[in-house]
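Asker: Quick one, structure for this:
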Amino acid sequence: MAGITASQVKELRERTGAGMMECKRALVESHGDIDIAIESMRKAGLAKADKRAGRVAAEGLVVVTDSADGQAAAVVEVNCETDFVAKNEDFKAFAAQLGDLVLSMAPASVHDLLGCSLPSGESVDQRRRQLVATIGENISVRRFVRLQSDDGLISSYRHGTRIGVLVELKGADAALGRDIAMHVAASRPDFVRPEEVPPQVLAKEREILAAQAKDSGKSDNIIEKMVEGRLQKYLKEITLLGQPFVKDPDQSIEKLLRASGADVSRFARLELGEGIERKDEDFAEEVMAQVRGE
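Answerer: Numbering: from 1, shown residues only. You can find the predicted model right below:
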């Protein structure tokens, strides 16, 4: 390490966030030129990020960001491979920055978000790749939702770091909005009201209920009434307005809103890792594979 000073290593670490040994190695290879060292480290980081891109990332964070006027909010899911990395301060800061960007820039897609610039001047994807190289896990920006209301309220709720909810309401105050968002987090409705349920979903459910009812041995007209009754129960289960309020199961969300003269226009609910197929991993074998150099 002849000619490489501790102050150079310190500066490179501050500018890249990389480990001490990696910085020393890059400085030796660049003969002490910090800018060249940074360039080579970034290239190496891109290679590492691409190599890890195929690994399952189902842990991470769901972040929620609200506007000051209560008329817009964003919820973003950012994934990593382990819950240990989800607690990393750099990872948490990255996720928080994405929430701010989605709220302020309103990108049309994840692809557009990855191209947005961070305050540091680098793009979201450049920062993501740098984190992959530094932390050593696959990191992905999976999805986001941004809601804005011109004549209503956007309420939000985050349950821990794994579930984020946004709800657009009209005629509601902040307390009611938070209660509704909390209910959505807990009860997982699929739609706001029955009219929003697609006909094909209803047809499929009616078919299933009819097949179940036939085993009762009752007459066709009784079976038809049984099916319709069960279908109405099913609609209450999957629609927000039909569900019993989690804080007072004796009244439905519809009754709660009506009593306040309020209405829900739409909602969004993101749950961490939802829909991602997780593979069973043998971490002991993974460590041994690294030891063996596989």
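
Asker: L169 falls within a strand, correct?
Answerer: Yes: if the criterion is DSSP: H, G, I helix; E, B strand; the rest coil, then L169 is within a strand.

Asker: wait, it sits on A262?
Answerer: Yes: L169 is in contact with A262 according to CB atoms under 8 Å; the separation is 5.7 Å. C-betas here are computed from N, CA, C, even on glycine.

Asker: Between the two, point out the one with more neighbours.
Answerer: When L169 and A262 are compared for neighbours, L169 comes out ahead with 24 against 18, by other CB atoms under 10 Å.

Asker: Tell me the buried residues in stretch 261-270?
Answerer: Of the residues in stretch 261-270, those scored as buried under the neighbour-count criterion (16 or more other CB atoms under 10 Å) are A262, D263, V264, R266, F267, A268, R269, L270.

Asker: for the helix or strand where the third one lies, packing partners?
Answerer: Same thing as V264. Under DSSP states H and E, the secondary-structure element containing V264 is strand 263-271. Here strand 263-271 touches strand 72-80, strand 140-148, strand 163-170, helix 174-187, helix 253-260, going by 3 or more CB pairs under 8 Å, 6 or more residues apart in numbering; DSSP states H and E.

Asker: Dump the ones you listed to TSV, plus mean pLDDT.
Answerer: Below are those laid out as TSV (pLDDT from 0 to 100):
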stretch	mean pLDDT
strand 72-80	97
strand 140-148	97
strand 163-170	98
helix 174-187	96
helix 253-260	97
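
Asker: Please identify the most buried of the ones you listed.
Answerer: Looking across the helices and strands packed on strand 263-271 with neighbours counted as mean count of other CB atoms under 10 Å, the highest average goes to strand 72-80: a mean of 26.

Asker: would CSV of the helices and strands packed on strand 263-271 with distance to F94 be doable?
Answerer: As requested, the helices and strands packed on strand 263-271 are exported to CSV (distance: least, CB to CB, whole Å):
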stretch, distance to F94
strand 72-80, 7
strand 140-148, 9
strand 163-170, 16
helix 174-187, 24
helix 253-260, 35
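
Asker: Which of those sits closest to I238?
Answerer: Taking CB to CB, helix 174-187 is the member of the helices and strands packed on strand 263-271 nearest to I238, at 9.9 Å.

Asker: Off-centre distance for that closest one?
Answerer: 18 Å (CA atoms, centre = their mean, to the nearest Å).

Asker: Residues in contact with that helix: which ones?
Answerer: Defining contact as CB atoms under 8 Å, 6 or more residues apart in numbering, one finds that helix 174-187 is touched by 70, 153-157, 159, 163, 165-167, 169, 172, 240, 243, 245-247, 253, 256-257, 260, 262, 264, 267, 269.
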